[in-house]
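**Student:** Need coordinates for the following:
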Amino acid sequence: MNSKEWELRKDLCEASRRLYVAGFMAGSDGNLSTLLNDNEVLITPSRISKGYIEPWQIVKIDRRGNKISGELPATTESALHLAAYEERPDICSAVHCHAPMMVAFSVAGYALPSNILPEIEVIFGGQIPLAPYATPGGPELAESIRPYIRKRGTSVVLLDHHGLLGVGQDIYQAAIKIEHAESAAKIIFYSRLLGGEKPLPEGSLDKLRSVHNRIADMEANIFPGYCHSDGSCSTQQNVISQPAPTIRQDNFNDDEIELIVHGVVERLMSER
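**Tutor:** Prediction:
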């Protein structure tokens, strides 16, 4: 395991904890993934609380869903992530979670309206698509998002009665999209309690869509530099370097790394 993979594992754990604390992944809900290279994907395991996940628990699979390494089984919704990567060569990370207000909208049969919030227009291009219902964990769920996620401007897809999928050029960008979507859903919900939402001023949409296009261009060049997506805008001047871990791992094999990680985790747990 090299330093890049270790950093990616830590990023998955940190993003998982943030979403758990935000209340978007109750119990063992939710799953996160990020590309490691052209054929390998790091993904969270099944039946584990994402609020307490450790880097060594992350599972490595290939782009067909076959397990490469890891003590735990990969999430049962691996196919959802793999479908997103297959449809969108410009993304490197994906988050699936059950943000309560967004799920409530889908259960009630609603998608978030356009022409109401500037944030929906600027961040999501005016629309967060609602995919039709499909059985969670099954291949139908992966297929349900394909027509929506393949559109390059789509960063979040709402899953009917189930949750939502967010994508980005790194795991933090994908998680941030989820947070924006949930915040927009709350505002729309509260506005309806107060008597209903009213549309944005006439003529404002063109300006907001122009801002959306500029933000999309900007975000395409902001990522930590570990994205190996074929469609990424990875150029030398755009890469933001990540600090190297304090322990050099390049001279250890995978078995030695696993023993070291387990030893460190056990020591930390005993000191709590």
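**Student:** need the helices for the stretch 1-150 of the chain, in chain order.
**Tutor:** Per DSSP state H, counting those that start in this stretch, the stretch 1-150 of the chain carries helices over the ranges 3-21, 78-87, 100-107, 118-124, 139-149.
**Student:** Now the weakest link among those, please, by mean pLDDT.
**Tutor:** Lowest mean pLDDT within those: helix 118-124, at a mean of 92.
**Student:** beta partners of Lys60?
**Tutor:** Lys60 has these beta-bridge partners by DSSP bridges: Leu42, Ser69.
**Student:** I'd say it and Asn37 touch.
**Tutor:** No. Contact criterion CB atoms under 8 Å: Lys60 and Asn37 do not qualify, at 10.4 Å. C-beta here means a position set from N, CA and C on the backbone, and glycine is covered the same way.
**Student:** So which of these two has more stuff around it?
**Tutor:** Lys60 (18 against 11; other CB atoms under 10 Å).
**Student:** Quick check: end-to-end length of stretch 36-47?
**Tutor:** 23 Å (CA to CA, to the nearest Å).
**Student:** just stretch 16-25 next, same as before
**Tutor:** Length of stretch 16-25, first residue to last, CA to CA: 8 Å.
**Student:** List the buried residues in stretch 81-89.
**Tutor:** Under the neighbour-count criterion of 16 or more other CB atoms under 10 Å, stretch 81-89 has 81-85, 87-88 buried.
**Student:** What residues does the most centrally placed residue in the chain make contact with?
**Tutor:** Closest to where the C-alpha atoms of the chain average out (CA atoms, centre = their mean) is Val95, at 2.4 Å. Applying CB atoms under 8 Å, 6 or more residues apart in numbering to Val95 gives the contacts 15, 19, 30-32, 165-167, 171, 174-175, 177-178.
**Student:** for this structure, what's the longest helix?
**Tutor:** The residue-count maximum for a helix in the chain (DSSP state H) belongs to helix 171-193.
**Student:** list the helices and strands that one packs on?
**Tutor:** On a contact count with 3 or more CB pairs under 8 Å, 6 or more residues apart in numbering; DSSP states H and E, helix 171-193 meets helix 3-21, strand 31-35, strand 93-97, helix 100-107, helix 118-124, strand 156-159, strand 163-168.
**Student:** Name the spans of the chain whose pLDDT lies under the cut-off.
**Tutor:** Applying pLDDT under 70 to the chain flags the ranges 220-272.
**Student:** rewinding a little: out of the helices and strands packed on helix 171-193, deepest packed?
**Tutor:** Stretch with highest mean neighbour count among the helices and strands packed on helix 171-193: strand 93-97 (a mean of 29; mean count of other CB atoms under 10 Å).
**Student:** partners of that one in the sheet?
**Tutor:** Partners of strand 93-97 in the sheet, by DSSP bridges, are strand 31-35 (antiparallel), strand 163-168 (antiparallel).
**Student:** could I get those strands as TSV with distance to Lys50?
**Tutor:** As requested, the strands paired with strand 93-97 are arranged in TSV below (distance: least, CB to CB, whole Å):
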stretch	distance to Lys50
strand 31-35	7
strand 163-168	13
